[in-house]
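Engineer: Structure of the sequence below:
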Amino acid sequence: MKSPSNRQIDALIRELSAAQLAADAFNQYAPGDVNNEIRRSNLRLYLCAMAARRPQTLLLMEAPGYRGCRLTGVPVTSRKVLLEGLPALKLFGRDAGFRDVADVGFERVYGEQSATIVWNALSDLGALPVIWNTFPFHPHKAWKPDSNRKPRLGELVLGAEFLRRILDMWDFEQLIAVGNVAHEMLQHLRLDCRKVRHPAHGGKKDFVAGLQSTLSVGA
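Structural biologist: Coordinates of the predicted model:
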């Protein structure tokens, strides 16, 4: 199984950090902010850990939320998951070098429902796919950084370029789209995939059931 080199991972993170976004989208990897520096480091640790695991599956989701990746830098990962770690998967945790941030206005944000559901389900299955987003930055409502919104078409076009990089870095045997946005992007790219429901808005039961039926154990 092909997996990315450290050089490829570093190049990807540099390109993420250089992305120019609209005012109602946040680049959590942009230069000039100590918290963003920590997020770049967290993402690098995650991608390097995944490269070492050589997973067979990509789990594609929609976009970072303000309670998760916007703070940690790691897709669908809250501060709680990042800092406390996942013993069943031997991933994350302070002892592994993952670090917390100190964004003003987000001090009390610790967990995220979707992150908890996704990682608990993966832990129960003993599976560890690469997780990525159709738009790898945080889209929010105007003047409300502590909110989420659906990515716009232009943002998905940008996101598709980064997704292609991820797909080039690994040779996944299985692609799983979580929700409609991810499914539509993979269809647009003419890639075969399976679709499961997004865990948000009451979708936990269907998401877990869908993951159990589609995800290869050890992915």
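
Engineer: now the most centrally placed residue in the chain, nearest residue through space, not along the chain?
Structural biologist: Centroid-nearest residue in the chain, with CA atoms, centre = their mean: Pro75, separated by 1.8 Å. Setting aside the residues directly before and after it, Pro75 is nearest to Ile131 in space (CB to CB, 6 or more residues apart in numbering), at 4.6 Å. In short, each C-beta sits where N, CA and C put it, glycine included.

Engineer: can you tell me which residues contact the one you found?
Structural biologist: By CB atoms under 8 Å, 6 or more residues apart in numbering, Ile131 lies in contact with 58-61, 75-77, 118.

Engineer: Show me those that map onto strands.
Structural biologist: In this view, those that belong to strands under DSSP state E are 58-61.

Engineer: what would the residues you listed look like in CSV with distance to Leu43?
Structural biologist: Formatted as CSV, the ones in strands among the contacts of Ile131 follow (distance: CB to CB, whole Å):
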residue, distance to Leu43
Leu58, 16
Leu59, 16
Leu60, 16
Met61, 15
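
Engineer: Go through these and name the one nearest Phe162.
Structural biologist: Set against Phe162, the nearest of these by CB to CB is Leu60 (11.4 Å).

Engineer: Check the closest one and give its pLDDT.
Structural biologist: Leu60 carries a pLDDT value of 98.

Engineer: And the helices in this structure?
Structural biologist: With helices called from DSSP state H, the chain shows them at 6-18, 34-53, 69-72, 79-84, 113-125, 153-169, 180-188, 204-214.

Engineer: Among these, which comes closest to Arg197?
Structural biologist: helix 204-214 (4.1 Å).
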